[in-house]
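Colleague: Please find the sequence and the predicted model below.
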Amino acid sequence: MNFTLHIWRQKNAQSKGDFQTYQVDDIDSDTSFLEMLDQLNEQLIGKGEDCIVFDYDCREGICGACSLVINGHPHGEKKATTTCQLYMREYTNQNELWIEPFRADSFPVIKDVLTNRDAFDRIIQAGGYVSTNTGSAPDANSQLIRKPDADAAFDAATCIGCGACVAVCPNASASLFVSAKIAHLDHLPQGRVQSDTRATNMVRQMELEGFGSCSNHRHCESVCPQDISISNITTMNRLL
Amino acid sequence: MSKLNSNAPTGDIDKRWEKHLFELSLIAPQNRAKYNIIVIGTGLAGASLCATLGESGYNVQSFCFNDSPRRAHSIAAQGGINASKNYQNDGDSIQRLFYDTMKGGDFRARESNVYRLAQLSGNIIDQAVSQGVPFAREYSGYLANRSFGGAQVSRTFYARGQTGQQLLLGAYSAMSKEVASGKVKHQSRSEMLEIILVDGKARGIVVRDLVSGEITAHTADCVVMCTGGYSNAFYLSTNAKGCNTSATWRAHKKGAFYANPSFTQIHPTCIPPTGENQSKLTLMSESLRNDGRIWAPKKIEDCAKDPREIAEEDRDYFLERMYPAFANLVPRDVASRAVKSICDEGRGIGTEIHGEKLGVYLDFSSIIKRIGEDKVREKYGNLFDMYERISGENPYQLPMKIYPAPHYTMGGLWVDYNLMTTIDGLFAAGEANYSEHGANRLGASALMQGLADGYFIAPRTVANYLAKNKLEPVGLDHPDVVKAMDDVKDRINKLMNAPEPKNSPDYYHKKVGRILWAACGMSREKESLEAAIEEIKALQIDFWQHVKVTGIDKDMNQTLERAGRVADFIELGHLMCRDALEREESCGCHARMEYLESDGEAKRDDVNFAYVAAWEYSEDGAILNKEQLDFEFVKPSVRDYT
């Protein structure tokens, strides 16, 4: 397979970026999207040029490091899939690809298509935890939890913190990310004790970081690689 | 003769940790704020340690190379975490978990450490539940368990196929709480490139800011490395792309002994590679072996057929045939070698690469027939989805294709009972250390060890070290700090300016990986190891002459990051082969072809090799030190899984 790639190149946070066009040929259909970019970077090294910088780590869809907006879609068009889990066989009908960073003021570009998502860490630090200290826990089975509650907590807790929800939202709201953590802990007795203050503090931090509010566009749910439900946002709003 | 003192307590094994805890010195709460501790790496071990030290009142500076602590590779662990809670009333106990871990490791681990791990396992589950880790539960509301590779009891706690993610996010949230409290100062996108020793003690590190390229020094009273394993030495492995040995290798070159570097685990159930440009391999959780049946065609001519068209009587369920008692649940090394031997016979399936088909089937049709697709989806849904995304095939309809891949490294920095390396004040926790897993790790034991080290062991032993050592502050202008900074800058200069730049870092990474996979992978023998050692030496010279790094160093430069890591993998690869060569026995993962039973089982040599090989760095070649292993409480037996 052959592709024409228009990739966002930006020297650093201060400079203005633009699209550069590259050609990659003879790509096997079982090649992953990021492996295709690896091959482009190998070409660039061959030519003595600076490589395209992009975030990745586990390459199995769970660490949340990879990002990219591909032809206008965060993590590409395929549902419930991170960029690292996209394979070029998905692109048999598209040989021209536009590759951009996640765009939001609160995720400033560091270089090329790689952004700074530290704001998510600071939101978790504002309250995304149970205030328990090591060593003080009672026996794990001393508190029973209904299976549906445990399952609901798990569903919310699978958020990988990638930020696609922000990248797709017209308001650049982080509501899906924030509400997933709030709902995860609210479904469990261990977490519910602090639910009210947690919700208030995390949402306040979200606003301080410059993320917008939710106005029910629901795009976040449709791009979320973990299928996190917007019903979590309802839970969050109820607690505020 | 040995320079190694394990500092393990003596006496009854079940009282040793308690006795040791009492003997460890304490620091009073009001004095803890006077101490500074550096933690490198924020996976399960690092994040849990940062949280616990912060809660106790110490000042912690933590560093990770990712953009957030939550990205650490612990997050990818799928299957579960062991604990000897015996909630299932199936005869589990601390003693049994201890014994299983010793036996699974083929009797190459230290008894005291392994027993302590089994003792602490229950507390880890309590701690995680209190943090809101959503483990699987029964309709009764009680925690659910499953049996996991190599165990005959159900002692594994799990959160669907994402147990590592949930435990790491638990530890990350606990750490975040301490970042908020100000006790932990964390820096992401920072890579440790050198350790600073002052008067022979670890007192700080040199770090490269991966965004600006700036080199800075950070000093403290002691340093803890929680930097994970080195499976990426093989290039293709199930590890995240960023996982590397650089932190542990820097420490090794400054005096920390590297223990059993050739003990690397090859996981039997990974998705086979499909082409030359593949960048990594993906694990399919071992839990799938509980319900999936592994088979290969009996006849070579069937190998290219659609598996659904191969009649039942033409399928060889080879693990069930070879090991009737444990069947598909035999330990990882046993399963991996069996799969390899089937493919070596020419009965492999899947894509042909370099004239070989490397794959066998993992089939779920019988369980789907028995409990239905919905129940199977509930248990393994996310794993099946992942398989389908990667392979393009639906595992509800077609059996999965699997092949072994490097996954975990039992070897690592040698540590004593206090998790301290041979450098005073330098500790290693989690996969970074050699410790409880001996020559082979059992499934669902990595998460247990990382968290035992981080939550419960290192916080106590680090405090003891600080209480016992009176340390003067080290300024950033100290000559040893300046020297370490200069060394790092020199090395970066060399990487940026090879005499005849020609090949990318990945070119060398793939080369060293292929050498190691062939000579120091699932099967090893004298001649090929000796040849590999020479090849790696030549590759090292080639690397420094020809490595090509584009861009500049004072900038975000992932090519430079890779080059530095590959340089260290090459040196480590050399040591892995030397270690494998020196150990003239087979044990656990280490299968020396000269020392196998006729049925392919490992032939251990307890008379000559019941030791931990701890390698000391020297310019003229590594020096072998031995920690003799004494077995007072378990009797080394031949592992027999038939």
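Modeller: Looks like it arrived, so ask away. Residues are numbered from 1 along each chain as shown, chains lettered A, B, ... in the order given.
Colleague: Check whether the residue of chain B found nearest chain A sits in a helix, strand or coil.
Modeller: Nearest to chain A, among the residues of chain B, is residue B:141, at 3.1 Å (CB to the nearest CB). Bear in mind the C-beta positions are built from the backbone N, C-alpha and C, glycine included. Using DSSP: H, G, I helix; E, B strand; the rest coil, the structure places residue B:141 in coil.
Colleague: what residues are up against the nearest residue to it once chain neighbours are set aside?
Modeller: For residue B:141, ignoring the flanking residues on the chain, the nearest one in space by CB to CB, 6 or more residues apart in numbering or on different chains is residue A:144 at 3.1 Å. Applying CB atoms under 8 Å, 6 or more residues apart in numbering or on different chains, we find residue A:144 in contact with B:140, B:141, B:142.
Colleague: quick one, domains of chain A?
Modeller: A:3-111, A:118-239 (automatic domain parsing).
Colleague: Nearest to residue B:499, out of these?
Modeller: Closest to residue B:499 of the domains of chain A, according to CB to CB: domain A:3-111, at 15.6 Å.
Colleague: residues near residue B:479, how many?
Modeller: Neighbourhood size, residue B:479 [other CB atoms under 10 Å in any protein chain shown]: 8.
Colleague: Out of the contacts of residue A:144, the closest to residue B:467 would be?
Modeller: For the contacts of residue A:144, the nearest to residue B:467 is residue B:142 (41.0 Å; CB to CB).
Colleague: isn't the closest one right up against residue B:87?
Modeller: Yes - counting by CB atoms under 8 Å, residue B:87 is a contact partner of residue B:142 at 7.0 Å.
Colleague: okay, these two: which has more neighbours?
Modeller: Looking at residue B:142 and residue B:87 with other CB under 10 Å, you find the greater number of neighbours at residue B:87, namely 21 against 14.
Colleague: Checking that one next. Helix, strand or coil?
Modeller: Secondary structure for residue B:87, judged by three-state DSSP, is coil.
Colleague: still on that earlier bit, adding distance to residue B:566 and mean pLDDT, write the domains of chain A out as CSV.
Modeller: CSV is the format used below for these (distance: least, CB to CB, whole Å; pLDDT from 0 to 100):
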stretch, distance to residue B:566, mean pLDDT
domain A:3-111, 13, 97
domain A:118-239, 28, 98
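Colleague: any idea which of those is most buried?
Modeller: Looking across the domains of chain A with neighbours counted as mean count of other CB atoms under 10 Å in any protein chain shown, the highest average goes to domain A:118-239: a mean of 20.
Colleague: what's the first-to-last distance across it?
Modeller: End-to-end distance of domain A:118-239 (CA to CA, to the nearest Å): 25 Å.
Colleague: Off-centre distance for that domain?
Modeller: 14 Å (CA atoms, centre = their mean, to the nearest Å).
Colleague: Can you name the residues that contact residue B:190?
Modeller: With CB under 8 Å, 6+ apart as the criterion, the residues that contact residue B:190 are B:63, B:64, B:65, B:207, B:208, B:209, B:210.
Colleague: The residue in chain A that chain B sits nearest to sits in which helix or strand?
Modeller: Nearest residue of chain A to chain B (CB to the nearest CB) works out as residue A:144 at 3.1 Å. Applying DSSP states H and E as the criterion places residue A:144 outside every helix and strand.
Colleague: how far away is it from residue A:152?
Modeller: 15 Å (CB to CB, to the nearest Å).
Colleague: Tell me the buried residues in the host helix or strand of residue B:627?
Modeller: Using DSSP H and E, residue B:627 falls within strand B:623-628. Buried positions in strand B:623-628, judged by neighbour count with 16 or more other CB atoms under 10 Å in any protein chain shown: B:625, B:627.
Colleague: what's that strand packed up against?
Modeller: strand B:611-616 (3 or more CB pairs under 8 Å, 6 or more residues apart in numbering or on different chains; DSSP states H and E).
Colleague: Contacts only, for the nearest residue to residue B:558 once chain neighbours are set aside.
Modeller: Spatial nearest neighbour of residue B:558, excluding adjacent residues (CB to CB, 6+ apart): residue A:53 at 5.7 Å. Counting by CB under 8 Å, 6+ apart, residue A:53 touches A:110, A:111, A:112, A:113, A:114, B:556, B:557, B:558.
Colleague: And the second one, how close does it get to residue B:8?
Modeller: Going back to what we said before, that points to residue A:111. For residue A:111, the distance to residue B:8 - CB to CB - is 49 Å.
Colleague: coming back round to it: kindly reformat the domains of chain A as a markdown table containing distance to residue B:99.
Modeller: Shown next, in a markdown table, are the domains of chain A (distance: least, CB to CB, whole Å):
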| stretch | distance to residue B:99 |
| --- | --- |
| domain A:3-111 | 33 |
| domain A:118-239 | 23 |
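Colleague: so who does the residue nearest to residue B:280 when sequence neighbours are not counted touch?
Modeller: Among residues not flanking residue B:280 along the chain, residue A:59 sits closest, at 4.9 Å (CB to CB, 6+ apart). Residue A:59 is in contact with A:32, A:34, A:66, A:84, B:240, B:241, B:279, B:280, B:282, counting by CB under 8 Å, 6+ apart.
Colleague: Include secondary structure and distance to residue A:101 when you put those into a markdown table, please.
Modeller: A markdown table is the format used below for the contacts of residue A:59 (DSSP: H, G, I helix; E, B strand; the rest coil; distance: CB to CB, whole Å):
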| residue | secondary structure | distance to residue A:101 |
| --- | --- | --- |
| A:32 | strand | 19 |
| A:34 | helix | 15 |
| A:66 | coil | 12 |
| A:84 | helix | 16 |
| B:240 | coil | 21 |
| B:241 | coil | 19 |
| B:279 | coil | 21 |
| B:280 | coil | 23 |
| B:282 | coil | 26 |
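Colleague: Looking at those residues, which is nearest residue B:337?
Modeller: The closest of the contacts of residue A:59 to residue B:337 turns out to be residue B:282 (CB to CB; 21.0 Å).
Colleague: so how many other residues sit close to that closest one?
Modeller: Neighbourhood size, residue B:282 [other CB under 10 Å]: 19.
Colleague: and it, what does it touch?
Modeller: A:59, A:60, B:238, B:270, B:271, B:386, B:390.
Colleague: Over to residue A:26?
Modeller: Contact analysis of residue A:26 by CB under 8 Å, 6+ apart lists A:1, A:2.
Colleague: element containing it, please.
Modeller: Here residue A:26 is covered by no helix or strand, with elements defined by DSSP H and E.
Colleague: for the nearest residue to residue B:415 once chain neighbours are set aside, which residues make a bridge with it?
Modeller: Distances taken as CB to CB, 6+ apart place residue B:433 nearest to residue B:415, at 4.5 Å, with adjacent residues excluded. Taking DSSP bridges as the rule, residue B:433 bridges to residue B:413.
Colleague: any idea how far residue B:433 is from residue B:66?
Modeller: From residue B:433 over to residue B:66 (counting by CB to CB), the distance is 21 Å.
Colleague: repeat for residue B:582
Modeller: From residue B:582 to residue B:66 the distance is 35 Å (CB to CB).
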